[in-house]
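Novice: sequence and predicted structure below; questions after.
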Amino acid sequence: MAKCYLTGKTTKFGNKRSHALNSSRRQWKANLQTVRIIDENGDVKRVKISARALKKGNIKRA
């Protein structure tokens, strides 16, 4: 599933609004990147991480 391993970010849903205030449903997808990390047990895993979480540097990359 498209979900951040650290922050839990997923796809958000809402309305697309035109200048005439017509509405239609749309979705905003999180900017997820697939990276290899070293988890707390020392194992190497391939997980999806949001770009903002990657920039923070809270994870240890493999």
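Specialist: Noted; the coordinates are in hand. Since the structure is predicted, the reported quantities are computational estimates derived from the model, not experimental observations.

Novice: and the residue lying closest to S50 once chain neighbours are set aside, what does it touch?
Specialist: Nearest residue to S50, sequence neighbours excluded (Cβ to Cβ, 6 or more residues apart in numbering): C4, at 4.2 Å. Where C-beta positions appear, they are placed from N, C-alpha and C, glycine not excepted. If you count contacts by Cβ atoms under 8 Å, 6 or more residues apart in numbering, C4 has them with 10, 30, 32, 48-50, 53.

Novice: now swap in G42 and tell me
Specialist: Applying Cβ under 8 Å, 6+ apart to G42 gives no contacts.

Novice: that one and K60: what is the separation?
Specialist: G42 is 10 Å from K60, where distance means Cβ to Cβ, to the nearest Å.

Novice: R52: what secondary structure?
Specialist: Taking DSSP: H, G, I helix; E, B strand; the rest coil as the rule, one finds R52 in the helix state.

Novice: quick one: neighbours of it, just the number.
Specialist: Around R52 sit 13 other residues, with neighbours defined as other Cβ atoms under 10 Å.

Novice: state the distance from it to C4.
Specialist: Distance from R52 to C4, counting by Cβ to Cβ: 9 Å.

Novice: next one: K16
Specialist: 24 Å.

Novice: helix/strand/coil for the spatially most distant residue from the centre of the chain?
Specialist: Distance from the centre of the chain peaks at A20, with 31.6 Å (Cα atoms, centre = their mean). Recorded secondary structure, A20: coil (three-state DSSP).
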